[in-house]
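Engineer: attaching a predicted model along with its sequence, questions to come.
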Amino acid sequence: MLNPLFYYENVVLALRQIWANKLRSILTALGIIVGVASTTAVIAALTGLKTKVLAEFETFGAARLYVWPSRPEGVPRNLFPWEKIRLKAPEAFALRDQCTSLKGLTPISETSLSVQSEAETLEGVSVSGIWPAWHATENRQVIMGRPFSQLDIDNARQVCLVNDLAVRDLQLPADPVGTHLIIGGRRFLIVGVVETITERMTGFNTISAELFIPHPLMEKFMDRDFFMRFVALANSPAEADDARAEITRVLRKVRGLTPGDPDTFRVQAIDQFIDQFKSIASGITAVAGGIVGISLLVGGIGIMNIMLVSVSERTREIGLRKAVGATPTAILLQFLLEAVTLCLVGGLVGVLIGQGFAFAVSQIPGAKLENASVPAWAVALAFVFSAGVGVVFGMFPAIKASRLDPIEALRHE
Amino acid sequence: MTQQPIIEVRGVTKVYQVGVEIVHALRGVDLTVHAGEMVAIMGSSGSGKSTLMNTLGCLDRPTAGTYHLSGREVSGLDAAELSQIRNEQIGFVFQSFELLPRLTALENVELPLLYARGKGWGWARERRKLAEEALQRVGLGQRMDHRPNQLSGGQKQRVAIARALIAKPRILMADEPTGNLDTVTTEEILKLFEQIHQDGQTVLMVTHENDVAAHCQRVVRLRDGLVLSDLPAEQDPAVGPLVPAIRSAA
């Protein structure tokens, strides 16, 4: 008796039942609809964000490496004084000259200085010391004038780059190349203007005036033990791991570390940031999963409630069906399939609304979610969970129906 | 008759509990029904006729005694096995029709075949054809797509009879089939039962009305859970052919 036709017909019967009680069915399935819709929307937004971020990492960031001074963990501080672990300019030279897997490397040091133009004096302007490779590692080109050259570094020329916000804040001429600035009491010639980057998810967003000077000149403004980090660019994203190993090897050699010594610095490639991002994303997915779990539980209780009502309303029908030959199993399956069908219809409506949300989110300008879409696995999961809720919460009413005594049921008013 | 009886009941009792009260609905009933008979089961309310009907219809199991249906002992079967027997061997007609309101007449008639065993995809079409034939047989060929609320009482009962007959049962069981109908319609329905009986169908009918029982060949009277009398209709004191004459004279 349990042939495919029987299942098919019961699903059709359930759909007719749902259609006959449209409003009640929608209200019953609301918990599932809301749960599925909100989760698919969150997953869609997250998927969009992920695509966007990963694309950004890949277009310009995947080949980047960062080097920081780092005190090894679990060792006495006095064995590793700052002087021993801080990065130094000669180490930058050594890495640049010895690492064949690197396309470029720049030290970066930052400070705040008083800056004076002909029209304006500003305190606390961000000043960074860099090498020419900075243009490549940070992907920031000049929009006027020229970029830094190796000669600027080697000769410690008193030249500087400004960003366009500095041009505005210091009330410099529209083309400031060739004019001078007094930075920390020293006179610098502006040789170029770099773009201000406001839309970037990695690195440091610049939303204020910035000045860049040749790195050797930073010593004039800083303490003897001033902080610097290195940013390097591997030849290709594929070589990022090799480059990390090479930097570690060369830097250990330069620092005279023996094989038993811990690293006194840290080298990080962008893929580690990607991993971090991915773990955050999966954290959010897990939270969304928790929300869907709760709403499905609530939805399931609603389903159970309405199925109990349905069994009670249709007691005579159950009695008649049994009288004409329905076995307890057939009755059980009829009501179970009705609950599952109701849940699946709820799931379908939820997925459709979720798709609508995903589309709406992708249309928000500037939200970077234009890639938002519901992945196929989320749709599949929504249906599997909905069906599961139907089975779990429909089981009790269905068992109740299947156990009704046909004589009693036919006498029921 | 040397032929094996369809129904053979020996010493059937039924005891059930209503609250704290224990009710002896049947106290040892013996009954034999052969193929092709049309039997009325009569008795006042509380005589046990409904309980006997439920037991004979395999809706209920006797407390004690034996029940052979088509030669098979059925009193010890479980719910699923009894379902199968009802599905294949018994057709029910109820006083209040018991049609499912959301289904059309045709779909109501098809219902028992939904639970037929071992059928494939082609069964759906086959089933529909059988239902159409059954509706034509009871004279409702023109009303197949009507829902119960679009049908009169007599028409509803015709649909119910078509439903009871569709699986070609060994026995047609009718429980007060005309109890909700006016006299004209009652006559029509009883004529239909007679016609079905003449086609060879075994019919068992529970009724408390002598006029209804008069359409049967045999009358079994119950009182207090026991068979009081079991006579051919013409010999039954209240049903026999002389009765209408006596009545009209009175």
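Structural biologist: Looks like it came in fine. Residues are numbered from 1 along each chain as shown, chains lettered A, B, ... in the order given.

Engineer: could you find the closest non-adjacent residue to the closest residue to chain A within chain B?
Structural biologist: When distances are taken as CB to the nearest CB, chain B reaches nearest to chain A at B:N87, 2.4 Å away. C-beta here means a position set from N, CA and C on the backbone, and glycine is covered the same way. Of all residues not flanking B:N87 in the chain, A:G325 sits nearest, at 2.4 Å (CB to CB, 6 or more residues apart in numbering or on different chains).

Engineer: dump the residue contacts of that neighbour.
Structural biologist: B:S83, B:Q84, B:R86, B:N87, B:E88, B:P112, B:Y115, B:A116, B:A167 (CB atoms under 8 Å, 6 or more residues apart in numbering or on different chains).

Engineer: quick one, phi psi at the closest residue to B:K156 other than its chain neighbours?
Structural biologist: Taking CB to CB, 6+ apart, and ignoring the residues beside it in sequence, B:K156 has B:F97 as its nearest neighbour in space, at 4.4 Å. In terms of degrees, to the nearest 10, the main-chain angles of B:F97 are phi 70, psi -50.

Engineer: quick one: contacts for B:F97?
Structural biologist: Taking CB under 8 Å, 6+ apart as the test, what B:F97 contacts is B:P148, B:G153, B:K156, B:Q157, B:V159, B:A160, B:N180.

Engineer: ok, the last one touching B:S96?
Structural biologist: Yes. Under the criterion of CB atoms under 8 Å, B:N180 is in contact with B:S96, at a separation of 6.1 Å.

Engineer: tell me where chain B has strands.
Structural biologist: Here chain B has its strands, by DSSP state E, at B:7-18, B:21-33, B:38-42, B:64-69, B:72-73, B:90-93, B:171-175, B:202-206, B:218-223, B:226-232.

Engineer: pull the residues that contact the longest one.
Structural biologist: Applying CB under 8 Å, 6+ apart, the set of residues contacting strand B:21-33 from outside is B:5-17, B:39, B:48, B:51-52, B:55-56, B:62-63, B:65, B:171, B:202, B:204, B:220, B:222, B:224-227, B:230.

Engineer: quick one: buried ones out of the residues you listed?
Structural biologist: Among these, the ones that count as buried by 16 or more other CB atoms under 10 Å in any protein chain shown are B:5-9, B:12-14, B:39, B:48, B:51-52, B:55-56, B:62, B:65, B:171, B:202, B:204, B:220, B:222, B:225, B:227, B:230.

Engineer: so the residue nearest to B:N87, which state does it fall into?
Structural biologist: Per DSSP: H, G, I helix; E, B strand; the rest coil, the secondary structure class of A:G325 is coil.

Engineer: phi, psi for it please.
Structural biologist: Dihedral angles of A:G325 (phi, psi; degrees, to the nearest 10) stand at phi 120, psi 10.

Engineer: kindly list the longest strand within chain A.
Structural biologist: Per DSSP E, chain A has its longest strand at strand A:102-116.

Engineer: and it, what does it pack onto?
Structural biologist: With contacts defined as 3 or more CB pairs under 8 Å, 6 or more residues apart in numbering or on different chains; DSSP states H and E, strand A:102-116 has these neighbours: helix A:89-98, strand A:121-130, helix A:134-137, strand A:180-183, strand A:229-234, helix A:240-254.

Engineer: can you list the ones you listed in CSV and add distance to A:T285 and mean pLDDT?
Structural biologist: CSV is the format used below for the helices and strands packed on strand A:102-116 (distance: least, CB to CB, whole Å; pLDDT from 0 to 100):
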stretch, distance to A:T285, mean pLDDT
helix A:89-98, 39, 91
strand A:121-130, 37, 91
helix A:134-137, 32, 88
strand A:180-183, 48, 93
strand A:229-234, 31, 91
helix A:240-254, 26, 90
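
Engineer: turn those into JSON lines, including distance to A:V34 and mean neighbour count.
Structural biologist: Output for the helices and strands packed on strand A:102-116, formatted as JSON lines (distance: least, CB to CB, whole Å; neighbours: other CB atoms under 10 Å in any protein chain shown):
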{"stretch": "helix A:89-98", "distance to A:V34": "55", "mean neighbour count": "16"}
{"stretch": "strand A:121-130", "distance to A:V34": "48", "mean neighbour count": "18"}
{"stretch": "helix A:134-137", "distance to A:V34": "47", "mean neighbour count": "22"}
{"stretch": "strand A:180-183", "distance to A:V34": "59", "mean neighbour count": "18"}
{"stretch": "strand A:229-234", "distance to A:V34": "47", "mean neighbour count": "23"}
{"stretch": "helix A:240-254", "distance to A:V34": "44", "mean neighbour count": "18"}
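
Engineer: so which of the ones you listed is nearest chain B?
Structural biologist: helix A:240-254 (58.7 Å).

Engineer: check which element follows the closest one along the chain.
Structural biologist: Using DSSP states H and E, the helix or strand that follows helix A:240-254 in sequence is strand A:265-269.

Engineer: could you give me the buried positions within that following strand?
Structural biologist: A:F265, A:V267, A:A269.

Engineer: next one: stretch A:305-318
Structural biologist: A:I306, A:M307, A:S310, A:V311, A:R314, A:T315, A:R316, A:E317, A:I318.

Engineer: ok, and which of those reach chain B?
Structural biologist: Counting by CB under 8 Å from any CB of the partner chain, A:R316, A:E317 from these sit close to chain B.

Engineer: before we move on, the earlier item: A:A20 is nearest to which of the strands of chain B?
Structural biologist: strand B:90-93 (25.6 Å; CB to CB).

Engineer: quickly check: that closest one near chain A or not.
Structural biologist: Yes. For strand B:90-93, a contact with chain A is found by CB under 8 Å from any CB, at B:F92.
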